[in-house]
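Asks: Pasting the sequence and the predicted model now:
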Amino acid sequence: MNDHRKAKVYYKNELAGILEETDGGYIFQYDENFLHITENFDIRLCL
């Protein structure tokens with residue numbers, strides 16, 4: 001069973017993707033619809 005925490009990430013009221021915490025760190029998966037928006041950009045986690 002997958003019990004990793006997940007969060008929806010929004011940009012300007014549009015779903016940009018899903019951020020998932022795993023045993024090895026974090027994974028971000030862009031939403032397919034967000035990839036087709038003309039003013040899209042990379043989302044980066046700054047530490």
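Replies: Sure thing, it's come through. Numbers count the residues shown, from 1 in each chain.

Asks: what about the chain, any weak spots by pLDDT?
Replies: Within the chain, the segments meeting pLDDT under 70 span 1-2, 38, 40-43, 45-47.

Asks: Parallel or antiparallel, list what pairs with the regular element (helix or strand) spanning V9.
Replies: Mapping V9 onto the secondary structure by DSSP states H and E places it in strand 6-11. Using DSSP bridges, strand 6-11 pairs in its sheet with strand 14-22 (antiparallel).

Asks: If you count neighbours, what's buried in the strand it pairs with?
Replies: Within strand 14-22, the residues that qualify as buried are A16, G17, L19, counting by 16 or more other C-beta atoms under 10 Å. Just so you know, the C-beta spots here come from the backbone N, C-alpha and C atoms, and that holds for glycine as well.

Asks: Looks like the last one contacts H4 (just checking).
Replies: So the one you mean is L19. No - assessed by C-beta atoms under 8 Å, L19 is found out of contact with H4, at 10.4 Å.

Asks: I'd like to know how far the closest residue to Y10 other than its chain neighbours sits from H4.
Replies: Nearest residue to Y10, sequence neighbours excluded (C-beta to C-beta, 6 or more residues apart in numbering): A16, at 6.1 Å. Computed with C-beta to C-beta, to the nearest Å, the distance linking A16 and H4 is 19 Å.
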